[in-house]
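A.B. asks: sequence first, then the predicted structure:
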Amino acid sequence: MSKIQTLRGMNDIHPKQVKEWSYVEEVIKSVVESYGYEEIRFPVVEKTELYTRSNEAADIVTKEMYTFSDKSGESISLRPEGTAGCVRAAIDNDLLRTDKPRLWYSGPMFRYERPQKGRSRQFHQFSAEVFGLSSPEIDAELIMISARLWKKLGIFEGLRLEINNLGDEQTRKSYSKALVDFLTKFSKELDEEAIRKLTENPLRILDSKSPAIQEILKGAPLIEDFTNQDSKNYQANLLEILDEMGIGYKVNPRLVRGLDYYNQTVFEWKTDLLGSQDTLLGGGRYDDLVEELGGKPCPAIGFSIGLERLILLLNQEDKIKLETNLDIYFICFSESTAQEAIICAEKLKDKIPSLSIKTNLGLESASSQFKKADKSGAKIALLIGEEELKDKKITFKDLRSNSDQETLTFEDLVEKINKIKN
Ligand code: HAM
């Protein structure tokens, strides 16, 4: 144990895990870029008001945000999610005036929640956001991207897509009122959390995990009774495309999502295989947010994938197969052979720039180094011992075949490796 440990809920990602993360991030990136999405980067820390304006009553803002004063006394916050920052960056960089950008970003988010399996205080999202498009085809595209992603990553079991339509502002207002009227009749049976939400954000009571509240909700009004015909048509068009593409879904009239900015379509991909933190991806439409944050009115929609949860699931199901990219493991035994080995490795890279070479400089025994060479996944082991040093040669061993080792001059070695590489 080090003297100073990480903060609770903030985790290191060690080298083997980084390989898994890079693999997953690469797959997601390749899928979203194959649909024409472009990467955007924006700060991890922003003015607190960016999040309070976009998510006034959401739990992540009222209870979970890491908020500090900087040295000038300004209130700043670590980003609890990326959509608000992405919108701000799109406005400030004038990306919305002439184009309808489809963007992606990836990185850490921070929420002061109670850590548990699949939930941490620093976690990572991979997100896509689309601006300027207001028809259900783009909602369908985002869902199709995610379905393709699961396929590419090899996740087929235990997944379900839930969809809902939250209508427009008027729908949400009248529905909230109806829900409050209904729940007020049960106020004696509601817990403290539900009573707080009743005044702050009544829709959030719908995804309460309490069985007693879920029982009460069975008789509650449904949002679909409050959405107008336009919203119903919108939802029907979206579902038609998903049907056509063979993407299964369940319309869940109680799906509301934790953030305040949503309207119309909201959706989540959940898994049966992870326990209570089961949402892998969440997203939806937020057509009013650009204007709320100072831009010209601009429809928008997006999703975020929780990378910790996705990687947890992939590891649990043994779906991550990493290929090593190391070509050569270089073995040497003493200070003088180490010096020769590191120089030889560098000269090899000059001759064949695509080579990846790891040189063991730990002066360990031959058997320990051969074991490490084998475990490293390298195709070739090279060795310089005292004999080789004297003869100005290098011993070559093909680690993936039973052929005998050979001792070669540098020029012959280059020729041999070139043949193997091509
Ligand atoms: P969200 O539902 O708050 O949405 O988060 C999206 C995903 O991030 C969740 O489904 C989950 O996988 C992961 N996640 C959230 N909190 C944690 C945590 N504490 N630990 C681990 N994973 C977590 C958003 O953030 C929206 N910005 C999504 C969006 C983009 N909507 C439109 N565009």
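C.D. replies: That came through, no problem. Residues are numbered from 1 along each chain as shown.
A.B. asks: residues contacting the residue of the stretch 101-250 of the chain found nearest the ligand?
C.D. replies: Ranked by C-beta to the nearest ligand atom, the top residue of the stretch 101-250 of the chain for proximity to the ligand is residue 123, at 3.4 Å. All C-beta atoms are positioned from the backbone trio N, CA, C, and that covers glycine. Contact partners of residue 123, counting by C-beta atoms under 8 Å, 6 or more residues apart in numbering, are 108-109, 111, 306-308.
A.B. asks: can you get me a residue count around residue 85?
C.D. replies: Counted with other C-beta atoms under 10 Å, residues neighbouring residue 85 total 24.
A.B. asks: same question, the one 10 residues further on
C.D. replies: Counted with other C-beta under 10 Å, residues neighbouring residue 95 total 19.
A.B. asks: hang on, the earlier thing: check which element follows the strand or helix carrying the residue of the stretch 101-250 of the chain closest to the ligand along the chain.
C.D. replies: Assessed by DSSP states H and E, residue 123 sits inside strand 122-131. Next helix or strand after strand 122-131 toward the C-terminus (DSSP H and E): helix 136-153.
A.B. asks: contacts for that next one, please.
C.D. replies: Residues from elsewhere that reach helix 136-153, judged by C-beta under 8 Å, 6+ apart: 24, 27-28, 31-32, 35, 128, 130, 156, 159, 161, 234-235, 237-238, 241-242, 245, 247, 264-265, 267, 269, 281, 283, 285, 301-303, 305, 310, 314, 319.
A.B. asks: from those residues, keep the buried residues only.
C.D. replies: Buried by 16 or more other C-beta atoms under 10 Å: 24, 27-28, 31-32, 128, 130, 159, 161, 234-235, 238, 241-242, 247, 264-265, 267, 269, 281, 283, 285, 301-303, 305, 310, 314, out of those.
A.B. asks: looking at the contacts of residue 123, which one is closest to residue 172?
C.D. replies: Closest to residue 172 out of these is residue 111 (23.7 Å), distances taken as C-beta to C-beta.
A.B. asks: for the closest residue in space to the closest one that isn't next to it in sequence, give me phi and psi.
C.D. replies: Closest residue to residue 111 apart from its sequence neighbours, by C-beta to C-beta, 6 or more residues apart in numbering: residue 64 at 4.2 Å. The phi and psi values for residue 64, taken as degrees, to the nearest 10, are phi -110, psi 0.
A.B. asks: ok, what's across the strand from the residue in the chain that the ligand sits nearest to?
C.D. replies: Here the chain gets closest to the ligand at one residue, residue 306, 2.1 Å apart by C-beta to the nearest ligand atom. Legend: beta-bridge partners of residue 306 under DSSP bridges are residue 125.
A.B. asks: hang on, isn't it packed against residue 283?
C.D. replies: No - the criterion here is C-beta atoms under 8 Å, and residue 306 misses it with residue 283 at 11.6 Å.
A.B. asks: doesn't residue 284 make contact with residue 257?
C.D. replies: Yes - taking C-beta under 8 Å as the definition, residue 257 is a contact partner of residue 284 at 5.9 Å.
A.B. asks: mutual contacts of those two, please.
C.D. replies: residue 266.
A.B. asks: those two: which has the busier surroundings?
C.D. replies: Using other C-beta under 10 Å, the more surrounded residue of residue 257 and residue 284 is residue 284, with 27 against 21.
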